[in-house]
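J.: have a look at this fold, sequence not included:
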Ligand SMILES: [Zn+2]
């Protein structure tokens, strides 16, 4: 279905009860219905418990009480499962929208565009109640833009008209994005659309013969000047009337450098990944010849693994995955949402447990019989407002478990042995956002590498 096209649109249309329904309202109504069902079931449970408690103590009464306890657990489990399933459906729908807009034929495009508008207005500060789109859905949609941007012009499901539309929508979304993950992802998407692709190069230069050529740095600076500005405080920061801005998130800043390199070299597969999990799971073959690219009509085919990525991109994707695992865990949508909103703090953009001291992450913890530790239970008590630690213990089902070769590669990227004695400027350094010593970061990746091994 990810291929898009009219047939995919037909399937999606059937799943949406009313094509004109507002997606956020639809989601919230459905959540209310599930809550109502749960409330009713628990009321029945409470009545039954009261009836039983009036009976004299007997083995039958104990058995009935046990049965009731099981019923209660089942009610709560069903509710959690319904919520998780509903959320996954909406994540999927948000993810597919940009691909549909990029692939449906002209007759369908109006409808696809109006669906997209219905979602995006929940990010628009001028829309009443907005921004009220769940951050996880904002991220899913940004991800969908990147998948759409990965299709080259000759891809059978690409329509040139849809492409222009998508770039415009992605730029609007970048302005209105609130989450660092969405911003990082949209920068990568815009970069893929910006790389000249086949005959379009000639067309473009023919149209703008009078305009001076734009450099990669200028292009990326323009994107950065948009990122998140729709929600910037309206109060001017200084006398120059410029709005006060949050400093860029370190992951967004690093992505900006990497997409600049992708534009300059026209080798996006070295600086951009499409799916974090896919690229970290897969070493990839080093001799990915041109046939591979032709076969998929994609800028970056799914078989590309981390070994094709530049070292800086490898380190960025690693820490993005660590952060996403800390946020997502095996949690419920509400919990994930809450952690996402905590994942950027006004005066601290990354947790000290990522930047300063990774000991509280304890990557080698195991799940115990008493269940998973509460997120935040091992964070620095006074200095960490994020409350994410420890890292989800071994045995937790994670969206992306980092495999041993990938973790060993993170160690290999660190300066070692003799190199550490070179003057600092000559050394390979730790990532920009990390302020700890090399042996400490080395030890962290050692712990991460050991997770997949036996007891
Ligand atoms: Zn922490």
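T.: In hand now; what should we look at? A quick note: this is a predicted structure, and the numbers were derived from the prediction, not measured.

J.: where does the spatially closest residue to residue 314 that is not a sequence neighbour land on pLDDT?
T.: Counting by C-beta to C-beta, 6 or more residues apart in numbering, residue 306 is the residue found nearest to residue 314 once chain neighbours are left out, at 5.5 Å. Every C-beta, even on glycine, is put in place using the N, C-alpha and C of the backbone. The predicted local distance difference test score for residue 306 is 90.

J.: ok, now residue 142?
T.: Taking residue 142 on its own, its pLDDT is 97.

J.: report the contact partners of it.
T.: 173, 177, 181, 182, 183, 185, 186, 189 (C-beta atoms under 8 Å, 6 or more residues apart in numbering).

J.: adding secondary structure, write these out as a markdown table.
T.: Shown next, in a markdown table, are these (DSSP: H, G, I helix; E, B strand; the rest coil):
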| residue | secondary structure |
| --- | --- |
| 173 | helix |
| 177 | coil |
| 181 | helix |
| 182 | helix |
| 183 | helix |
| 185 | helix |
| 186 | helix |
| 189 | helix |
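
J.: select from the residues you listed the one having the most neighbours.
T.: residue 185 (31 neighbours; other C-beta atoms under 10 Å).

J.: ok, it touching residue 144?
T.: No. Counting by C-beta atoms under 8 Å, residue 185 stays clear of residue 144, with 9.3 Å between them.

J.: what touches both of these two?
T.: Common contacts of residue 185 and residue 144 (C-beta under 8 Å, 6+ apart): none found.

J.: can you tell me the element the closest residue to the ion within the stretch 201-350 of the chain falls in?
T.: Residue nearest to the ion within the stretch 201-350 of the chain: residue 326 (8.0 Å; C-beta to the ion). Assessed by DSSP states H and E, residue 326 sits inside helix 311-328.

J.: mind listing residues that contact the next helix or strand after that helix?
T.: Using DSSP H and E, the helix or strand that follows helix 311-328 in sequence is helix 333-342. Helix 333-342 has contacts (C-beta under 8 Å, 6+ apart) with 83-84, 86-87, 134-136, 139, 179, 181, 326-329, 331, 375, 385-388.

J.: ok, back up a step: angle of the helix holding residue 326 against helix 333-342?
T.: 130 degrees (axes from the mean of the first three to the mean of the last three C-alpha atoms, to 10 degrees).

J.: model confidence over helix 311-328, on average?
T.: Computed over helix 311-328, the mean pLDDT rounds to 95.

J.: what helices or strands is that helix leaning on?
T.: Using 3 or more C-beta pairs under 8 Å, 6 or more residues apart in numbering; DSSP states H and E, the elements in contact with helix 311-328 are helix 180-194, helix 250-265, helix 268-271, helix 276-281, helix 333-342, helix 352-355, helix 404-412.

J.: quick one: it to chain centroid distance?
T.: Chain-centre distance of helix 311-328: 10 Å, with C-alpha atoms, centre = their mean, to the nearest Å.

J.: what do you get for stretch 182-191?
T.: Here stretch 182-191 is found 11 Å from its chain centre; the criterion is C-alpha atoms, centre = their mean.

J.: tally of neighbours for the residue nearest to residue 314?
T.: Residues near residue 306, counting by other C-beta under 10 Å: 22.

J.: renumber starting at 5 from here on
T.: All set: I'll call the first residue 5, so the last point we hit is now residue 310.

J.: and it, what does it touch?
T.: By C-beta under 8 Å, 6+ apart, the residues touching residue 310 are 277, 283, 284, 286, 287, 288, 318, 321, 410, 413.

J.: just those residues: which has the poorest pLDDT?
T.: Where pLDDT dips furthest among the contacts of residue 310: residue 288, at 81.

J.: picking that back up, now a ChimeraX select for only the buried ones of the contacts of residue 310.
T.: The buried residues among the contacts of residue 310 can be selected in ChimeraX (16 or more other C-beta atoms under 10 Å) with this line:
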select :277,283,284,286,288,318,321,410,413
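
J.: closest to residue 26 among the contacts of residue 310?
T.: Nearest to residue 26 out of the contacts of residue 310 is residue 277 (C-beta to C-beta; 32.9 Å).

J.: so how far is residue 398 from that closest one?
T.: Residue 277 sits 25 Å away from residue 398, going by C-beta to C-beta, to the nearest Å.

J.: next one: residue 286
T.: Applying C-beta to C-beta, the value for residue 286 to residue 398 is 22 Å.

J.: and what of residue 283?
T.: Using C-beta to C-beta, one obtains 22 Å as the distance from residue 283 to residue 398.

J.: same check on residue 315?
T.: Note on residue 315: its distance to residue 398, by C-beta to C-beta, is 27 Å.

J.: on that earlier part again, and the residue of the stretch 205-354 of the chain closest to the ion, what is it in contact with?
T.: Under the criterion of C-beta under 8 Å, 6+ apart, the contact list for residue 330 reads 343, 355, 365, 379, 392, 393, 395, 396.

J.: so which of those residues reach the ion?
T.: Among these, proximity to the ion is found for 355, 393 (C-beta under 5 Å from the ion).

J.: let me know the closest of the contacts of residue 330 to the ion.
T.: residue 393 (3.3 Å).

J.: measure the residue in the chain sticking out farthest from the centre to residue 31 for me?
T.: Going by C-alpha atoms, centre = their mean, the residue of the chain most distant from its centre is residue 60, 55.8 Å out. Distance of residue 60 to residue 31, computed by C-beta to C-beta: 48 Å.

J.: cool, residue 166 as well?
T.: 26 Å.

J.: more neighbours: which of these two?
T.: Ranked by neighbour count (other C-beta under 10 Å), residue 166 and residue 31 place residue 166 first, with 24 against 19.

J.: got the contact list for the more buried one?
T.: Per C-beta under 8 Å, 6+ apart, neighbours of residue 166: 105, 106, 107, 108, 113.

J.: what about it, which helix or strand?
T.: Residue 166 belongs to helix 164-180 when assigned by DSSP H and E.

J.: rounded mean pLDDT for that helix, please.
T.: Taken as a whole, helix 164-180 has a mean pLDDT of 88.

J.: do the same with stretch 100-119
T.: The pLDDT scores in stretch 100-119 average 84.

J.: which parts of that stretch are buried?
T.: Judged by neighbour count (16+ other C-beta under 10 Å), stretch 100-119 contains these buried residues: 100-108, 112-113, 116-117, 119.
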